[in-house]
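[1] could you look at this predicted model? Sequence included:
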Amino acid sequence: MTIRVLLVEDNALNLELHRDLLEADGHEVIVCENAMEFRARIASGLVPDVVLMDILLPDGLGTTLLAELRSTSNLDDVPMIAITAHALAGDASRFIAAGFHAVITKPIDTRTFTADVARWARATSRKGE
Amino acid sequence: MNSLTIDPENLRVSMLTLVLRVTAIIGLVTCIPSAYAALEHGFVGVALLNAFTVLLAFGLLFFKRLPFRPRAILTCLLFYALGLGLLISVGSVSQIYLFGFSIVVVLLLGLRMGFYAALLSSVSMLAVGALGYAAPEIAEPRWGTDFSGWVLATINFSLVNITLTLGVGTILNAVNTMLSREIASSTSLDQERTTLRALIDALPDVVFTKDTAGRFVNCNQATLALFGAEREDQVAGKTVFELFESREIAEPYHADDLGVMAGRKLINREERSVDSEGRPIWYLTIKVPLMDSLGRITGLIGVSRDITALKQAEAERNKLLEVAELARRQAEAEKRKAEQDIRKAEERKAVAEESNRAKSAFLAMMSHELRTPLNAIIGFSEVLIDGKFGSTNDRQARYLTNVLSSGRHLLGLINGLLDLSKIEAGKLEISRQPCSLRGLAEEALSTVQPLADAKQIELVMDFADPRIPTVAADPVRCKQVFYNLLSNSIKFTPKGGKVTVTCAVAPSGRTVRTSIADSGPGIKSEDMARLFKPFEQLDHTGLHAVGGTGLGLALSKQLVELMGGEVGVTSAQGQGSVFFFELPVGTFEAEKRVASQRVGAAKPLALIVEDDPGARELLELTLEGDGYETKSAATGESAIVLARKCLPAVIVLDVFLPGIDGWEVLKSLRAAPDTADIPVVMASISSDRQKAFALGAIEHLTKPVDREALLAALRRHGFTSKVMTDPVHVLAVDDEPNHRMLVRAMLEPAGFRVTTVESGLAGLEVAKSEPCDLLLLDLALPDISGVEIVAALRQHEPTRRLPIFLVTAQEVSTALRERLHGDVELILSKGQLRMGDLVAEINRVLGRHP
């Protein structure tokens, strides 16, 4: 099953790695390199199966974008996964508390990455059915 | 002549004596010629009378024992006899003696007797004439012829005699009366003076008079005492200059005296002086001028009251006031200083917090910034090695492996550095819970197995004793230590070697030692010391490219010490090394259980829901042995009814039951508000952990239920539903008002009852007298240290198991941590106290399950 992933990541190399991994498994990846692009995408009516969100973006925080997305009527139950280099103790629980479904810490495990993302997307989409 | 002895009696006695003396002397002088003349003229009778009267006069003069009156009468009679005898023998010329008789009588016997004597004289004279004796010498002397001559002479005589006698008598009476009056008045004056004197002497005040020259005239006893004198004449007539030793003291008195003599009154002047023994005394003095009837100043009168005691009391009071004032000022200064100290401490704290914050921010940033490129390095090399995007040749694959392992090394370094910095900043939070070393060892061994396999190293776990107790440790950190030590040993063991893990209780019984022995090259003794320092990887010749960050051992040492244990190594070159760490046996778990039991007051009730009688009995035995009261139900339906009725502290619930199954029971318990909060432990033969947790069970155990596992699970979660409804009483002892306020602000909204006390001794009193469930204790109190309080509470039976959280603003040394281990539940840092954490920790320790 193909899922549509909205990937928000400002680091070009990481963006490429994450996109390539997802695409290699046959998923559709739409990328945004900053908050502005993300907002434009959402405004254009895109409904992704899952959002992979970097926390520290050049023009905003992933947590802010999450809140914005949650307040958009038809996107309020799209699963959002934080993918971040904030890996200190307490960081992950902070993001969960902010409303992320899951947190993937960088460096990622390339061997489980796509499977994890797909599982989260499916888990929530099934809920939505 | 004792003329000055003037009193009426003496006067007459003196006169008698005088009369007798004169009579005797004149008699003696006239006796001889008179007797001779008489004998010559043939008057023998006269001569005899002469001699008789002289003798009688002498006799009376010297015979003083005879009372006055007979003597006086005899004397009078003597004169009468003389007068009468001479009148008869010599004639009227001797009437002078009769006159003398009258005078003597009036002098000696009074006016009335004198008058009678004068009459007797006149009568006697007339009688002599009538009897015809010689005529008076008015005419020619003839015998018994001229009676009229006698009458005439008698009349003349009587006139003169009576007049003079009465005159003398009257004068004498007047003198007598005057004398009596004078004597009476002088006696009463004397008495008055004596009374006054006694009065003045009795006065406690110094009373004196002085003359114009400043000499003392009169002075009372108090004055004498002042000068140490005994008699008035020792003081009277002297001036103050003579009486006081020092001129300095005398001068002001004298000056005052001069003022008073000039007419100024001196009222209530306070004078300083010294008494006869040199002690300082104070007087309150009044001096007024003394004037004569013309208004001239003749001296002064002074009254001085000793007010030394008053003065001393006043001085004492002033001194006390001074001391009090001094104390007040000192207290104020101390308060100011304390406030300053607090301000300074706050400033320091703020600075430290700021620098801590900056450091944390830097660490977080660094971690973030390093991870971002590492993600690409590790991720890309991984996918290439995995051949996800096409295969690589062997050389490329090898290079990629190098890139990947270098990337991972770097990541390990970052993580290690972060941990170390956190430990050094006191920020690494270590939890304490019962950990099974066996379980941790197994997990760690399976993690490092690939490393060992790569070098064909044999990994052996040899836990000879099957009853290794659990240790109090943080399982994540404990695993990290295992991993570090194991990978370290594997790293330094040559191919085909052996790494053995053993575990044993230390002889003290208080710690468990885990040892990891390798068959590596061993360590030189001089290197041992450097071993546990960061970045001190030893140089092993011939063993290049040994991986590792150089932080593993340092980190392990720090972590184990944080958990209250220690790390060490024994090694000899060529014989391998044995790294070991010791962790304290999980004693606080046992204490925790007792603590929550105490909170719940009565024995906690456990409801056992189990249809198999054998299994049920086993569970009952297990729980009762651990201090529970148990009730049992064999079916789900009866279990629900019992649970609602008894509200047990905990329920052990079997899944497979006749009728409704355990899941249904659990759901319906959760649905009812009364029973929703009762902790439930599920027991089943299937592994339905996820389902059990999803339905709200606190624990899931696989049957047959392991006794230890069940008890451990119960301990972890607490079991008294009572605790959840009763407000927990927390006693906070802290001298910092801000911190006391903070604790209140944190705990009271969370439903705790908080008592705050600001001193250690008071805290100790309250903890001993008032039942409380937990003590939040400041380590650094001004009066008694937190450590001492802990020790005191642990010696006192009711508070022996009172859970204590030590709150401290300072770093707690490892030694102190070790000492306090088992006595305090937790050591909290003041700067990092957060409400959620504190509440959670209290709930955890008290076994509350909110």
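    Everything's here; your move.
[2] what strands line up against the helix or strand harbouring B:Val681, and which way round?
    Element membership for B:Val681 (DSSP states H and E) is strand B:680-684. Applying DSSP bridges, strand B:680-684 is found paired with strand B:650-654 (parallel), strand B:699-702 (parallel).
[3] mean confidence score for the last one?
    Strand B:699-702 comes out with an average pLDDT of 76.
[4] is there proximity between the longest helix along chain B and chain A?
    In chain B, ranked by residue count with DSSP state H as the criterion, the top helix is helix B:308-385. Yes: legend: contact between helix B:308-385 and chain A by Cβ under 8 Å from any Cβ of the partner chain is shown at B:363-364, B:367-380, B:382-383. Every C-beta, even on glycine, is put in place using the N, C-alpha and C of the backbone.
[5] just the buried ones out of those residues, please.
    Burial by neighbour count, judged by 16 or more other Cβ atoms under 10 Å in any protein chain shown, picks out B:363-364, B:367-368, B:370-380, B:382-383 from the residues of helix B:308-385 next to chain A.
[6] list the helices and strands the strand or helix carrying B:Ile25 packs on?
    Counting by DSSP H and E, the element that carries B:Ile25 is helix B:8-41. When contacts are defined as 3 or more Cβ pairs under 8 Å, 6 or more residues apart in numbering or on different chains; DSSP states H and E, helix B:8-41 sits against helix B:44-62, helix B:68-89, helix B:95-109, helix B:147-202.
[7] swap the cut-off to 6 Å and go again
    Contact here means 3 or more Cβ pairs under 6 Å, 6 or more residues apart in numbering or on different chains; DSSP states H and E; on that basis helix B:8-41 packs against helix B:44-62, helix B:95-109.
[8] ranking those by burial, who's on top?
    helix B:95-109 (a mean of 24; mean count of other Cβ atoms under 10 Å in any protein chain shown).
[9] can you tell me what sits against that one?
    B:12, B:15-16, B:19, B:72, B:76, B:79-80, B:82-83, B:86, B:113-114, B:117-118, B:121, B:157, B:161, B:165, B:168-169 (Cβ atoms under 6 Å, 6 or more residues apart in numbering or on different chains).
[10] what parts of chain A come near chain B?
    A:Asn11, A:Leu13, A:Asn14, A:Leu17, A:Ala24, A:Ala85, A:His86, A:Leu88, A:Lys106, A:Pro107, A:Ile108, A:Thr110 (Cβ under 6 Å from any Cβ of the partner chain).
[11] isn't the first one right next to B:Pro373, touching?
    No: judged on Cβ atoms under 6 Å, A:Asn11 makes no contact with B:Pro373 at a distance of 8.0 Å.
[12] which residues of chain A fall in strands?
    Using DSSP state E, the strands of chain A run over A:4-8, A:28-32, A:50-53, A:56-57, A:60-61, A:80-84, A:102-105.
[13] rebuild these as CSV, extending it with distance to B:Leu294, mean pLDDT and mean neighbour count.
    Converted to CSV, those look like this (distance: least, Cβ to Cβ, whole Å; pLDDT from 0 to 100; neighbours: other Cβ atoms under 10 Å in any protein chain shown):
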stretch, distance to B:Leu294, mean pLDDT, mean neighbour count
strand A:4-8, 128, 94, 22
strand A:28-32, 131, 94, 18
strand A:50-53, 126, 93, 27
strand A:56-57, 120, 88, 18
strand A:60-61, 117, 88, 16
strand A:80-84, 123, 90, 24
strand A:102-105, 123, 88, 19
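[14] which one of those lies nearest to B:Leu179?
    Of all these, it is strand A:60-61 that lies closest to B:Leu179, at 137.0 Å by Cβ to Cβ.
[15] low-confidence stretches in the stretch 701-850 of chain B?
    The stretch 701-850 of chain B contains residues with pLDDT under 70 at B:712, B:715-726, B:811, B:831-836, B:847-850.
[16] can you give me the helices in it?
    Along the stretch 701-850 of chain B, counting by DSSP state H, counting those that start in this stretch, helices occupy B:707-717, B:721-725, B:737-747, B:760-769, B:786-795, B:814-820, B:835-846.
[17] just the stretch 551-700 of chain B next, same as before
    Counting by DSSP H, counting those that start in this stretch, residue ranges of the helices within the stretch 551-700 of chain B are B:552-562, B:587-599, B:613-625, B:636-646, B:662-671, B:689-694.
[18] ok, A:Met80 touching A:Phe100?
    Yes: with contacts counted by Cβ under 6 Å, A:Met80 reaches A:Phe100, the gap being 5.4 Å.
[19] how close does the spatially closest residue to B:Ile827 that is not a sequence neighbour get to B:Lys830?
    Closest residue in space to B:Ile827, ignoring its immediate chain neighbours: B:Leu806 at 4.7 Å, by Cβ to Cβ, 6 or more residues apart in numbering or on different chains. Counting by Cβ to Cβ, to the nearest Å, the gap from B:Leu806 to B:Lys830 is 10 Å.
[20] ditto for B:Ala350
    On the measure of Cβ to Cβ, B:Ala350 and B:Lys830 end up 13 Å apart.
[21] what's near enough to touch B:Lys265?
    Contacts for B:Lys265 (Cβ under 6 Å, 6+ apart) come out as B:Val288.
[22] phi and psi next, for it.
    Main-chain torsions, B:Lys265, degrees, to the nearest 10: phi -80, psi 150.
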